[in-house]
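J.: I would like to see how this sequence folds:
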Amino acid sequence: MTNTTAELSQNAVPVKGNEVNLTLGGIDLNNSGSVIVKADKKLLTVQFPDGHDGRAFTLKAETADDLYEWKTALEKALAQAPSAANPPEQNVNEKEPTKSTVLGRPILLALEDVDGTPSFLEKALKFLEEHGSRVEGVLRQAADVDDVERRVREYEQGKVEFAPDEDAHVIGDCIKHVLRALPSSPVPASCCKALLDACRTDRAVRVASMRAAINDTFPEPNRRLLQRS
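T.: Residues are numbered from 1 along each chain as shown. Okay, here's the model as predicted:
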């Protein structure tokens, strides 16, 4: 049994009746969670749709055996976890806000969807590469906030491709909007020291040192996002 699997077993804490309070690394589990596996990268993400923003955390396995052992353990833990019921004070007739398919996505899914197709962010980055590089002030001049929010809504409602004549300032601010809404920082706190140390090196080797710090210390999803952005 790997450490992560053991942790799932050890963190099942009785609370009342037949219910259990399951945690993983301090994250409360409930039965609304789903497990997403990216076998080629040995990455596993658990997503929770509960709450206004949802929650997600990502694990990276050393081996394929570990990956599927974790998947089995997590799915079992989620099945045994308490229900993600609405809080008592919430009006039962009040509809839960629809979770955005663009904003608040885990870093693992920042650039591509579960099925491998390009995400909103990836398409927006490609649009700027192809149509925004010659637009004066792109990513510097702010677009109208309403236009940015409207374009995100349109994407969620089915307008999932960016036309060549769209406003590059709006698409650029959509990118910034998505990055700000990530549930965790693209630069993990544990990697900051390595980056700072790299920045303090001699100018002749500084860029190479920063690249090495990113390659050596960043989780793969974070590294891919930084290299793409």
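
J.: Thought residue 61 was touching residue 42, still the case?
T.: Yes - here residue 42 reaches residue 61: they are 4.5 Å apart, a contact under Cβ atoms under 8 Å. From N, CA and C alone the C-beta is placed, and that goes for glycine too.

J.: what touches both of these two?
T.: By Cβ atoms under 8 Å, 6 or more residues apart in numbering, residue 42 and residue 61 have these common neighbours: residue 67.

J.: the more surrounded of those two?
T.: residue 61 (20 against 17; other Cβ atoms under 10 Å).

J.: what are the phi and psi angles of the more buried one?
T.: phi -90, psi 160 (degrees, to the nearest 10).

J.: Please name the spatially closest residue to it (chain neighbours excluded).
T.: Residue nearest to residue 61 in three dimensions, not counting chain neighbours: residue 67, with 3.9 Å by Cβ to Cβ, 6 or more residues apart in numbering.

J.: Determine the number of other residues adjacent to that neighbour.
T.: A count of neighbours around residue 67, defined by other Cβ under 10 Å, yields 21.

J.: got the contact list for it?
T.: 37, 39, 42, 44, 61.

J.: In the chain, where is pLDDT below threshold?
T.: Along the chain, the model assigns pLDDT under 70 to residues 1-28, 49-56, 84-97.

J.: Show me how the record splits it into domains.
T.: 3-80, 107-180, 189-228 (automatic domain parsing).

J.: Which one, of those, ends up nearest to residue 101?
T.: domain 107-180 (5.3 Å; Cβ to Cβ).

J.: picking that back up, nearest to residue 98 among the domains of the chain would be which one?
T.: Taking those one by one with Cβ to Cβ, domain 107-180 is closest: 8.4 Å.

J.: re the thing from before, I'd like to know which of the contacts of residue 67 are part of strands.
T.: Counting by DSSP state E, these place 37, 44 in strands.

J.: Tabulate the contacts of residue 67 (a markdown table), appending distance to residue 118.
T.: Output for these, formatted as a markdown table (distance: Cβ to Cβ, whole Å):
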| residue | distance to residue 118 |
| --- | --- |
| 37 | 20 |
| 39 | 20 |
| 42 | 22 |
| 44 | 22 |
| 61 | 25 |
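
J.: what's the closest of the contacts of residue 67 to residue 208?
T.: Nearest to residue 208 among the contacts of residue 67, with distances taken as Cβ to Cβ, is residue 42, at 27.2 Å.

J.: list the contacts for the closest one?
T.: Counting by Cβ under 8 Å, 6+ apart, residue 42 touches 60-64, 66-67.

J.: rerun that using 7 Å as the cut-off
T.: Residues near residue 42 by Cβ atoms under 7 Å, 6 or more residues apart in numbering: 60-61, 64, 67.

J.: so can I have CSV of the domains of the chain showing distance to residue 98?
T.: Formatted as CSV, the domains of the chain follow (distance: least, Cβ to Cβ, whole Å):
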stretch, distance to residue 98
domain 3-80, 10
domain 107-180, 8
domain 189-228, 25
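
J.: closest one to residue 99 among those domains?
T.: Residue 99 lies closest, by Cβ to Cβ, to one member of these: domain 3-80, at 5.3 Å.

J.: So what's the residue count around the spatially closest residue to residue 161 that is not a sequence neighbour?
T.: In space, and not counting its chain neighbours, residue 161 is closest to residue 123: 7.1 Å by Cβ to Cβ, 6+ apart. When neighbours are defined as other Cβ under 10 Å, residue 123 has 17 of them.
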